[in-house]
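Chemist: What follows is a predicted protein model with its sequence.
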Amino acid sequence: MSFSALGLSPSLLKALVNQNYSEPYPIQNEVIPAILKKRDVLGIAKTGSGKTAGYVLPILMNLQGKTVTKNRHVNVLVLVPTRELAMQVSEVFITFSAGLPDRVKTMAVFGGVSINPQMMALQGVNILVATPGRLLELVESKAVHLSEIETLVLDEADKMLNLGFREEMSLIFKLLPKKRQNLLFSATLNDDVTRINQILLQNPIVIKIEQEEDTFDLISQLGYFVCEEKKGPLLRYLIKTNNMQQVLVFADSVYKVDNISDKLRKNGIKAAAIHSKKSQGARTEALKKFKSGEVNVLVATDLISRGIDIQFLPYVINYELPRSPKDYIHRIGRTGRAESPGEAISLISLEEQHHFRIIQKKMGKWVTMIDSDKLDLQGF
Ligand code: AMP
């Protein structure tokens, strides 16, 4: 199927060509016509499947001809779990709406930054992408009204529930008009998501994209047995000898993330750290530098990593293993996306060996292991 056969307008088709989207991803083939028909949709798909453009394009189509908003009323509300995802999703809306005949204003709002500029900018906004807590603050201060929302999107609904936004979400649902379109996207369909689906969605079209296997085939996985003290030198050895230009490194704690990136910098490797204790400005800056290639290594905790969308990320390194196999899969899913191959490397200490076996069993794939004792880490 081509994008034009899906019923998108010439200006959106032009924007797709500019973005080098030559043909729709599987989820887009199914989601776009359903949203254009104003149906409710339950989409089970991970980041990397192309779900964002899957809802952005038809929402922009549906908005054409009715983008006039009453003061501080918005047409479309997209709820997301993190600031990073809020920024990314709003960027996709902005990119695809740039050439449309009717002007569409998109804005992202999230906590961790001062609220006043957001309050002032919330004039004539059509599409609001928001994290739940900040949205409620803005509603309370009457900076935005939700009673005329035509379409509600919940993106990464499972993550929003995991992060404890349940209460905020139900408060928000109460503020919405009864008649509206609901689109719910989630990487997994657990009991919590099913409950929300039952409350929210009306006779939805259910779309499930099994992507894991395809993605795994694109990722070559490798593990190194290494003692805890040698993890730093091994990391630097891998980065330097493979001349890695863009690598995302995961560690578990804020302290570890800072520590790893400090040591990388001391060893002449351009690195930045990103975690929840950094200010929003510092996080945005670090991500920007990483995307532009100004820094080669981004060291992150899991919480931050979820929403990060970087095309063609060639390397992911697990400095430490995450506790849950799901998070492991999520981490390595940062690479091997959008049809480009990637490499995921895990540094496994003696204590982590048992846990890594469990992860591999859950994943249904065995990872080739290398003994780092054979490597000459002197000088790294
Ligand atoms: P998402 O799952 O929405 O985070 O999208 C994953 C990545 O795929 C993003 O970097 C998109 O820009 C890219 N993408 C989405 N749809 C297409 C498409 N049809 N063709 C090429 N790239 C796409």
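Modeler: On my side now, so go ahead.
Chemist: Please enumerate the strands of the stretch 201-350 of the chain.
Modeler: 205-208, 219-225, 247-250, 271-274, 297-300, 315-318, 342-348 (DSSP state E, counting those that start in this stretch).
Chemist: which other helices and strands contact the fourth one?
Modeler: This means strand 271-274. helix 254-266, helix 280-292, strand 297-300 (3 or more C-beta pairs under 8 Å, 6 or more residues apart in numbering; DSSP states H and E). No exception for glycine: its C-beta is placed from N, CA and C like everyone else's.
Chemist: Repeat that for the third one.
Modeler: When contacts are defined as 3+ C-beta pairs under 8 Å, 6+ apart, strand 247-250 sits against strand 297-300, helix 302-305, strand 315-318.
Chemist: let's see it at 6 Å
Modeler: Judged by 3 or more C-beta pairs under 6 Å, 6 or more residues apart in numbering; DSSP states H and E, strand 247-250 is in contact with strand 297-300, strand 315-318.
Chemist: any idea how far the last one is from the chain center?
Modeler: Which is strand 315-318. Offset of strand 315-318 from its chain centre (C-alpha atoms, centre = their mean, to the nearest Å): 17 Å.
Chemist: if we can go back for a sec, export the helices and strands packed on strand 271-274 to a markdown table and tack on mean neighbour count and distance to residue 79?
Modeler: Shown next, in a markdown table, are the helices and strands packed on strand 271-274 (neighbours: other C-beta atoms under 10 Å; distance: least, C-beta to C-beta, whole Å):
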| stretch | mean neighbour count | distance to residue 79 |
| --- | --- | --- |
| helix 254-266 | 18 | 26 |
| helix 280-292 | 17 | 18 |
| strand 297-300 | 26 | 23 |
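Chemist: and of those, who's closest to residue 103?
Modeler: Residue 103 lies closest, by C-beta to C-beta, to one member of those: helix 280-292, at 25.6 Å.
Chemist: Please see if that closest one touches the ligand.
Modeler: No - judged by C-beta under 6 Å from any ligand atom, helix 280-292 stays clear of the ligand, getting no closer than 11.2 Å.
Chemist: Figure out how far that helix is from the centre of its chain.
Modeler: Distance of helix 280-292 from the chain centroid (C-alpha atoms, centre = their mean) equals 15 Å.
Chemist: Output that helix as PDB, nothing but the C-alphas.
Modeler: Extracted in PDB, the C-alpha atoms of helix 280-292 (Å, rounded to 0.1, in the frame of the first residue of the first chain):
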ATOM      1  CA  GLN A 280      15.100  19.800  31.600                       C
ATOM      2  CA  GLY A 281      17.400  22.200  29.900                       C
ATOM      3  CA  ALA A 282      20.400  20.000  30.500                       C
ATOM      4  CA  ARG A 283      18.500  16.900  29.200                       C
ATOM      5  CA  THR A 284      17.400  18.700  26.100                       C
ATOM      6  CA  GLU A 285      20.900  20.000  25.400                       C
ATOM      7  CA  ALA A 286      22.500  16.500  26.000                       C
ATOM      8  CA  LEU A 287      20.100  14.900  23.600                       C
ATOM      9  CA  LYS A 288      20.500  17.600  21.000                       C
ATOM     10  CA  LYS A 289      24.300  17.300  21.100                       C
ATOM     11  CA  PHE A 290      24.100  13.500  20.900                       C
ATOM     12  CA  LYS A 291      21.700  13.700  17.900                       C
ATOM     13  CA  SER A 292      23.900  16.200  16.100                       C
END
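Chemist: which helices and strands sit right next to it?
Modeler: strand 271-274.
Chemist: Could you spell out the sheet neighbours of the strand it packs on, each with its direction?
Modeler: Using DSSP bridges, strand 271-274 pairs in its sheet with strand 297-300 (parallel).
Chemist: Need the strands of the stretch 201-350 of the chain in TSV (columns: distance to the ligand and mean pLDDT).
Modeler: What follows is the strands of the stretch 201-350 of the chain, written out as TSV (distance: least, C-beta to the nearest ligand atom, whole Å; pLDDT from 0 to 100):
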stretch	distance to the ligand	mean pLDDT
strand 205-208	13	91
strand 219-225	15	91
strand 247-250	15	95
strand 271-274	18	95
strand 297-300	16	95
strand 315-318	15	95
strand 342-348	13	94
